[in-house]
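Visitor: Sequence isn't available, so here's the structure alone:
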């Protein structure tokens, strides 16, 4: 079974087996997926296989754009249930965002911090909707899972900016480095493949340097390694933003 065929059946175990054969498969992701099916793991699996499927070079063709995903309107909740959900969201938010010292952030990142919080709350609301769906509502569940995945990617992008500032006191890029809209679909596909390759190599390089920095006892040598990580993380983050922009255009 190939990836295209898998999207017709969406069999979880088969999807995990396919993902494990991909050159881009990550050991950590495989380990998580092998724990069994869950809403989060299914969304992760769909996202990874979709990236792998889209990364293949394809001939330039004209296709009808897919209709944007629409959030399923939430039914009015009883006051008690709504209050409980708000409490759970607030508690989860406090635990997640307490790692960032908001008062020390520059003005630009304070805006990004609040944006990340909004995304986090939106994800929680979608999660509550997902939990309330009946078992047979598979199509609606998949729509919500894909929305959660998209919001999670946006939140993770901002989170990297916040953590990078706390560690290096420098800013990561926040927008695409160029306008990709003028490219043909085929050019976008080629650009996406190049960026995916850059991201993979830079990620591996950063991981290697981080291990070296932890083992280094000489402060000057360690500082030099951290500077390399800082520069490469900026470049990596820019590649990730560019890749996301191209995928939006496609």
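Guide: Yes, it's here. For clarity, every value in this text was computed on a predicted model and none was experimentally measured. Residues are numbered from 1 along each chain as shown.
Visitor: Under the pLDDT cut-off, which ranges of the protein? List them.
Guide: 39, 54-90, 92-94 (pLDDT under 70).
Visitor: Let's check: the centremost residue of it is which one?
Guide: Residue closest to the average C-alpha location in the chain (C-alpha atoms, centre = their mean): residue 153, at 2.6 Å.
Visitor: What residues sit buried inside the host helix or strand of that residue?
Guide: Assigned by DSSP states H and E, residue 153 belongs to helix 138-168. By 16 or more other C-beta atoms under 10 Å, the buried positions in helix 138-168 come out as 141-145, 147-152, 154-155, 157-159, 161-162, 164-165, 168. In this view, the C-beta of every residue, glycine as well, is placed from N, C-alpha and C.
Visitor: any idea how far residue 212 is from the residue located most distally from the centre of the chain?
Guide: Ranked by distance from the centre of the chain (C-alpha atoms, centre = their mean), the top residue is residue 218, with 35.3 Å. From residue 218 across to residue 212, the span is 11 Å (C-beta to C-beta, to the nearest Å).
Visitor: Same question for residue 231.
Guide: Counting by C-beta to C-beta, the gap from residue 231 to residue 212 is 15 Å.
Visitor: and if you look at residue 118?
Guide: Taken as C-beta to C-beta, the span from residue 118 to residue 212 is 37 Å.
Visitor: Next: residue 158.
Guide: 28 Å.
Visitor: Same check on residue 53?
Guide: Distance from residue 53 to residue 212, by C-beta to C-beta: 35 Å.
Visitor: Tell me, how many residues neighbour residue 116?
Guide: If you count neighbours by other C-beta atoms under 10 Å, residue 116 ends up with 23.
Visitor: what's near enough to touch it?
Guide: Counting by C-beta atoms under 8 Å, 6 or more residues apart in numbering, residue 116 makes contact with 97, 155, 158-159, 162.
Visitor: burial of residue 20, as a residue count?
Guide: By other C-beta under 10 Å, 13 other residues sit near residue 20.
Visitor: Residue 201 too?
Guide: If you count neighbours by other C-beta under 10 Å, residue 201 ends up with 13.
Visitor: Which strands and helices lie in contact with whatever helix or strand it lives in?
Guide: Here residue 201 sits within helix 185-215, counting by DSSP H and E. On a contact count with 3 or more C-beta pairs under 8 Å, 6 or more residues apart in numbering; DSSP states H and E, helix 185-215 meets helix 219-249.
Visitor: between the helix it packs on and helix 138-168, how many degrees?
Guide: Angular relation of helix 219-249 and helix 138-168 on a 0 to 180 degree scale: 150 degrees, by axes from the mean of the first three to the mean of the last three C-alpha atoms, to 10 degrees.
Visitor: what is the orientation angle of helix 219-249 with helix 185-215?
Guide: Interaxial angle of helix 219-249 relative to helix 185-215 (the same axes, to 10 degrees): 160 degrees.
Visitor: List the buried residues for helix 219-249?
Guide: 225-226, 229-230, 232-234, 236-246.
Visitor: How about stretch 178-194?
Guide: 180, 183, 188-189, 191-192.
Visitor: Tabulate those (CSV), appending distance to residue 132.
Guide: Converted to CSV, those look like this (distance: C-beta to C-beta, whole Å):
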residue, distance to residue 132
180, 39
183, 42
188, 38
189, 39
191, 41
192, 36
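Visitor: Check these and tell me the two furthest apart.
Guide: 180 and 189 (11.4 Å; C-beta to C-beta).
Visitor: now what about stretch 102-114, what contacts it?
Guide: Residues from elsewhere that reach stretch 102-114 (C-beta under 8 Å, 6+ apart): 97, 100, 158, 161-162, 165-166, 171, 174.
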